[in-house]
Every structure is written in C-alpha cells, then in structure tokens.
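S.K.: Sequence and computational prediction follow.
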2 protein chains.
Amino acid sequence: MNEAELIALYFAPLAGEGGLGLRDDAALIAPPPGTELVVTADALVAGVHFFAADPPDRIAAKALAVNLSDLAAKAADPLGFLLTLALPGDWKPAWLEGFARGLGEVAKAFHCPLLGGDTVATPGPLTLSITALGAVTAGKMAPRTGARPGDALYVSGAVGDGALGLALRQAQLADAPAPVWAAALAPAQQADLVDRYLTPRPRLALAQALRACAHAAMDVSDGLVGDLRAMMRASGTSARIDLRMAPLSQAAAAAWRAEPGLTERLFCGGDDYEILCAVPAEARGRFEALAAASGVPVTAIGMVGPASAGDIMIGPDGAPLTFRQERFSHF
Amino acid sequence: MNEAELIALYFAPLAGEGGLGLRDDAALIAPPPGTELVVTADALVAGVHFFAADPPDRIAAKALAVNLSDLAAKAADPLGFLLTLALPGDWKPAWLEGFARGLGEVAKAFHCPLLGGDTVATPGPLTLSITALGAVTAGKMAPRTGARPGDALYVSGAVGDGALGLALRQAQLADAPAPVWAAALAPAQQADLVDRYLTPRPRLALAQALRACAHAAMDVSDGLVGDLRAMMRASGTSARIDLRMAPLSQAAAAAWRAEPGLTERLFCGGDDYEILCAVPAEARGRFEALAAASGVPVTAIGMVGPASAGDIMIGPDGAPLTFRQERFSHF
C-alpha cells in the first residue's frame, strides 16, 4: 500500500471540510470572525510516551486528547488538527484501523476534524505528532503568565488518577505484582485508574468559564505541583496550596490512605490533563457557576501571593512539603 | 539539560510574537483580516528523508523550506510554524546549535517565525515534524483540483537539479565513484546541484501571481511527471507536456546530454520544490508579468486537456514517454 492509498483508506474518512479530502498540499481554514487562533503541538514516541502494546485506538485517542487539553487550557474551541505519523515498516492493517477509529472517536466527540498531515516510514519506533488548532474570542486566551496575588487557584476534576493508572499499567505489562496500595481498591476502581491513564478527557467544556473569568490557566499534564510552580514562575507570583483540599477520586483517596508514601506520585506524577487556573476574587462566584453549568467539577486548592512569599504546599499533616521530583519528565 | 532549558537556549531566540516566548501551552495568532488560513505539515526521519551525516543547519533549513514550499504552492504568505523534534539521547550541543541556526535563517528569510512545538526523547532516529501556517486572501487559495481544459501549464525555476544533487550526495557519503554523467560537469556545477538538493528555495515570491492568475497549483516535490499527473487526476483533466520545454539548469542539461538515460531521474526524481500551476489562456500575459516582477522564472511546458485525452509526456525524440516509476516515494 502506498502513502496515498493508506491516507485514502484510513484517514480521509476523518477529514473535515477544511481538509480538502486530504488530497491537497494543505488545509484551508476560515476562523470565525472576532476570534484569534490558538495552536499547539505535541509529539509522542512508542516506548517513551506510550507502551507499544497499548491498544492502537487508545494511543490515537490520547495523542489527540492531550493536544485538546492544551486548547482547553487556553480557553479555545477546537477547529481541527493535523497528524504526522512515522510508521515502522511492519505496520498491520488492524493496527492502523484501530488507530484511525480511536482518532475519529475523539475528533467527533470534541468537534475537531482531521485537516491534514503527513505519513512517512521510519526504521525506528512509531512516532506521531499532532498540531491542534482552536479559536478563542480575540483578547480572551487564558495565558500561563497572568496569575496575580489574591487570585484563587482552582483545579478541575481529580488529580493523581493518571499517575496511579500508569503504575498499574506498568505492572500489568511487565507481568509484575500490582503495587501494594492496589489491594485497597476494587477491581473496577483499578480498571478506572488505568482508563484514566489511557484515555484523558480534555476539559474543553470549561473553555467558556475560563474565557469569562480566568487570569491564567494551563493544563496539568506533568503533575500538579510542578505545573503549578511553572505557572507561578511564568506569572512572577507564588502559590500557597493545601494538598488536603486537592480533588481526588475515591480510588486515589483509598490508595493514599493505604500508602501515605504516594503523595509525590499523586501530585507530581503527571497524566492528569485537568485544568489549573487562577481566578480573581470578584469572579469566583461566576466561575463556579459557569463551571457547574458546563458539568466540569472545579475545586479551590489555594491562593496566589507575591513571588517573595515562595511556593508553599501544605501536606497531609498540615506542614509544608518538598518533593524530590516535582514534575514528571519524559525527556 | 532538561526540555525547558533546551527550548530556552536553542529555540526561544527564534520565537515570533505569537510564540509567547515558547513558555505557554500554545501559540496565539491573529490572521490578517480578510484572509483564510492555510496549514500544512511534513515529517522527516533521519536516514529516510535526509542523511544523518548532513549538516544540521541544512537539515533544519530543508525541513522548514519544504513546508514553506507547500504554502507557496497554495498562494499563501507565511505566518509562522511549529516544530516537534524527537531527539536521540546522544544529541550534541553543537548539532542542536547548527540545527537552530539553519532553522532561524530560513525563518528570517521568509518571515516565518517559530510559534511553538514540542521536544521529546526518542530511542530511534531523529524525527522532526513541522506545521507551517500561512494566510491567503479569502477565496484565493490555489487548489490542486482547479485545472481546466485549455489552461496552460507552467513550472517555476528549473527541475531535476535536486534529484541529480541527491545522486551526487549519495556517492559522496558512500565514498563511491561519482555517476558517469558527473564527468560532464565542472566541480562548481556539481556543488550547485548538491546545494539544490540540500537547500530548497521555497517559491513564496510567486504567491501573488498565483493568487491573481492560477486555476490550480501544487509544489513539485516528488518529481514533475508524477506530481503533474496527481494534479490532473485531482482536477479531472489530462496534461500534454513536452519535456524538451521543461526548464533545466545548465548543469542538468549538460548531464542529460552526457547521459540520455537520466530522463526518468530528471523528471520523476523529486526534490525540486518548484511550483507547477495551471493558468487560463486569458491570464497568461498577466501571470508571466507578475512572475517576472517577483523574480521567479516560469516556463510554459504544456496544456491541460479533458481527462479522456490521457496524459502525454513528449520526450527528447518527439515521441511520448512512459516511466517505470513516475513519482518518488520515501514510503
């Protein structure tokens, strides 16, 4: 099968109008009047960012979802995405069918059609890169740099599930014993955690609330503590948060009770794909109302202060915590 | 060096305004009023699309230039680009310095700043993906599908140099004897051909003429014959071209005289990065005038006919030619 046949069979069915059937040199997009364009790109490598043995539909779904999470964090609505795929020579049709199916499910669910890209051969591991484009009301992008002293810090959903799911998945794939804390969880809870790792849910529903109310936002992809500190550095501010207030799923809370040493994994482990944002005091009521209307839970975990105050993370016993590695890094 | 340090050192200096210092989750772009957005992406893998031993500044320059060539072919002016880079663990600072320098030179020359991207580690070969964004007057993108019977077919610059340069470069790197036809060329001509292979010049200067006059356009990246036939299939038309009229550099013409068997390499070999376009009869004078004003040579090589006529490529002896492999494929 040559490249054109492969594209026609697996990817052209996912193409949006601007993708021109994936038969031109480029895509054509008309962003809505009054909007600016938000563009983000992420690359993923088999064996580094995902397990080569992961189901292909989950690999594709996650690759698109993590880019959509970046759009959500900037308060943008998706317009479409481009995919470049470097395929090892031994690819199988069933694998690519699954990959395209997973990609299409996320694209459809979040109204983000395929617009174009490139498919090439590689002697190395499967490598893919997605560029996602979104539109935001002009002047309303939520920057990473806009937090101000006095802002409240919110995080969406629940943190820590992805990192716990990764630990369970690693044990599964290595045919190793599950971590000790897994014994505190029902099988369905364990499966949920693995699913949270494999299938992030981009918080695009929160975009309107962020546009209306947030001084600053970013997505939590490399761990709450490290990402929060990155936002504070970018904003020239500091944060005081209480990790006892951080939202946890029942499964994560049970695991933490069973194994108090999980603190660092929960809050520095990554793969959350939740939204962290800074909201000024006078907008908190409106933000909480808009978030509730969007169906995305949000939880206040602390406050922004001046840079001179330094970041303080209150731990389980009420005392400030420090961490060995605050932020997950594949690099 | 972690990812943030690497980005700050090598790539942040290349960032345009919309790149937000490469410190946010995404780029922010305000396309000019009255324009539509043209977006294209290409991936390149070391050992497949370039030689790992190529100078890093040339690898980067070519990766960006081939994307800019796609923008040029759609009659778009560049807005900026995103880069995802999968780096092997043994990368060297000197290599990345060279890579960033070459990228910056092309970005500056064509007013296409870096807007964002991602840097990841890979156990495989260096792999990079560039997404380039451009703006075109609304409704004026030159599609691949718009050729109509009666249009004249033009090609910019000269074709075949890139494919000859690749052959010379392959011999150099393998420490093998140069091809026989190389003996007909002066050393400076040989060096020029290698340079044409390593450093494509995107024909962005032609964008205005294409917007004004072209029914259809594409860039010639995989060989004139195969790309022409792809445009004809996409347009539902056929082409009759005379390869004796195709523009060749003095070096390519000398090589062809020395080795008549080069016909397929010259016209099906790829790496030209010239523009092929279909111009209606009444616009030919204006197109040639605008092209001359832009400083890009254009040459009429044939005419578009109805699909039923079939594609005809007249060869050196005046008889129609067929080719074993009409289009270069890395896949």
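M.R.: Thanks, I have it.
S.K.: Report the residue ranges of every domain in chain A.
M.R.: A:3-137, A:152-314 (automatic domain parsing).
S.K.: ends of the first one, how far apart?
M.R.: It refers to domain A:3-137. 38 Å (Cα to Cα, to the nearest Å).
S.K.: How about stretch A:265-279?
M.R.: The straight-line separation of the ends of stretch A:265-279 (Cα to Cα) is 27 Å.
S.K.: Strands of the stretch 201-331 of chain A, residue ranges please.
M.R.: Using DSSP state E, counting those that start in this stretch, the strands assigned to the stretch 201-331 of chain A run over residues A:216-220, A:237-242, A:274-279, A:298-306, A:312-314.
S.K.: Tell me what angle the first one forms with strand A:274-279.
M.R.: With axes from the mean of the first three to the mean of the last three Cα atoms, to 10 degrees as the basis, strand A:216-220 and strand A:274-279 are set at 160 degrees to each other.
S.K.: ok, residues contacting strand A:216-220?
M.R.: For strand A:216-220, the surrounding residues in contact (Cβ atoms under 8 Å, 6 or more residues apart in numbering or on different chains) are A:69-70, A:72-75, A:142-147, A:151, A:155, A:159, A:203, A:210, A:227, A:230-231, A:235, A:272-278, B:24-25. (C-beta placed from N, C-alpha, C; glycine too.)
S.K.: Hmm, A:Ala147 and A:Ala278 touching each other?
M.R.: Yes - using Cβ atoms under 8 Å, A:Ala278 is in contact with A:Ala147, at 3.8 Å.
S.K.: Quickly list what's touching both of those two.
M.R.: A:153, A:215-216, A:231, A:235, A:304.
S.K.: Quick one: buried ones out of those?
M.R.: Neighbour counting over the shared contacts of A:Ala278 and A:Ala147 (16 or more other Cβ atoms under 10 Å in any protein chain shown) leaves A:153, A:215-216, A:231, A:235, A:304 as the buried ones.
S.K.: Turn the domains of chain A into a markdown table, columns for mean pLDDT and distance to B:Ile29.
M.R.: Below are those laid out as a markdown table (pLDDT from 0 to 100; distance: least, Cβ to Cβ, whole Å):
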| stretch | mean pLDDT | distance to B:Ile29 |
| --- | --- | --- |
| domain A:3-137 | 95 | 4 |
| domain A:152-314 | 96 | 17 |
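S.K.: now these in JSON lines, with distance to B:Ala60?
M.R.: Conversion of the domains of chain A to JSON lines gives the following (distance: least, Cβ to Cβ, whole Å):
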{"stretch": "domain A:3-137", "distance to B:Ala60": "16"}
{"stretch": "domain A:152-314", "distance to B:Ala60": "27"}
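S.K.: And the ones you listed: which comes nearest B:Thr299?
M.R.: domain A:3-137 (20.7 Å; Cβ to Cβ).
S.K.: For the nearest residue to A:Ser294 once chain neighbours are set aside, which residues are in contact?
M.R.: Distance criterion Cβ to Cβ, 6 or more residues apart in numbering or on different chains; nearest residue to A:Ser294, sequence neighbours excluded, is A:Ala205 at 4.2 Å. For A:Ala205, the contacting residues are A:294-296, by Cβ under 8 Å, 6+ apart.
S.K.: Next one: the residue in chain A that chain B sits nearest to from B:Arg240, what distance?
M.R.: Using Cβ to the nearest Cβ, the single residue of chain A nearest to chain B is A:Gly124, 2.0 Å away. Note on A:Gly124: its distance to B:Arg240, by Cβ to Cβ, to the nearest Å, is 43 Å.
S.K.: A:Ala12 now?
M.R.: Counting by Cβ to Cβ - A:Ala12 and B:Arg240 are separated by 29 Å.
S.K.: buried sites along stretch A:1-13?
M.R.: A:3-4, A:6-7, A:10-12.
S.K.: Stretch A:134-153 too?
M.R.: Buried residues in stretch A:134-153 (16+ other Cβ under 10 Å): A:134-137, A:140-147, A:149, A:151-153.
S.K.: before we move on, the earlier item: nearest to B:Asp118, out of the domains of chain A?
M.R.: Using Cβ to Cβ, the domains of chain A put domain A:3-137 closest to B:Asp118, at 4.7 Å.
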